[in-house]
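**Student:** mind looking at a prediction? Sequence and model below.
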Amino acid sequence: ITREVFMQEADKLGLSASDDFKGQMELARQSILIRELFNDYQKKDAVSDAERKAEYDKLKGAGGGGNEYRARLILVDKEDVAKALIAQLKAGAKFEDLAKANSKDPGSAPNGGDLDWAAPGNFVPEFSQAMVKLEKGKFTETAVKSQFGYHIIQLDDSRAATFPSLEEVKPQLSQRLQQAKMTKFREDLKAKAKTDYKFSAQ
């Protein structure tokens, strides 16, 4: 009722005949039509199970192989400090204690240097190359230098990399594929419009 009262008052004032109102109505009409166009396309070209499976297989092949590692880190600024810490490790000091007391890595130091499970690609190359060569329970006896400083690395464990099941990632795959379809649909329409324009202008 309140909306109707307001609309009648606006009509009395002649606002519905104003250029500003007509312009806004045209913009609203265009927005609704464009939305309906995209909704119609999504209904006609919905993501199929076969497309989801193909995308899943592609992603799994790209990122599901290899191993992931659980390592610990002590990061320091100077090589002589790293050498002194390695000497303490060789003498029987606990890696976790030295990491808490000396590591400059804010993410892992409070947890005794624990970096949790991660793929080698998550780390800088110098770190990854040294980590994957370690045996379980061993640490680097020479500090590994990178742009961040000097790394002392201990490998706690390694395992085959896990990858979520198709059902677990089905919603994300559907959204990813639908977005790709919509992008292609928009680009195809733009390309078609340019071709039609050139054709009609000739």
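**Tutor:** Thanks, I have the structure now.
**Student:** where exactly do the strands run in this protein?
**Tutor:** With DSSP state E applied, the chain shows strands at 67-76, 114-118, 144-146, 149-160, listed in chain order.
**Student:** so who does residue 157 touch?
**Tutor:** Residue 157 is in contact with 69-70, 136, counting by Cβ atoms under 8 Å, 6 or more residues apart in numbering. C-beta coordinates here come from the backbone N, C-alpha and C atoms, glycine included.
**Student:** recalculate using a threshold of 10 Å.
**Tutor:** 68-71, 117, 136-137 (Cβ atoms under 10 Å, 6 or more residues apart in numbering).
**Student:** in the chain, where is pLDDT below threshold?
**Tutor:** Scanning the chain for pLDDT under 70 picks out the ranges 61-65, 195-202.
**Student:** quick one: residue 146 and residue 124 touch, right?
**Tutor:** Yes: shown here, residue 146 and residue 124 form a contact pair, counting by Cβ atoms under 10 Å, at 4.9 Å.
**Student:** tell me which of these two has more neighbours.
**Tutor:** The residue with more neighbours, out of residue 146 and residue 124, is residue 146; 15 against 12, by other Cβ atoms under 10 Å.
**Student:** for beta bridges, what are the partners of that one?
**Tutor:** Beta-bridge partners for residue 146, by DSSP bridges, are residue 149.
**Student:** got the contact list for it?
**Tutor:** If a contact means Cβ under 10 Å, 6+ apart, then residue 146 has 75, 123-127, 130 as its contacts.
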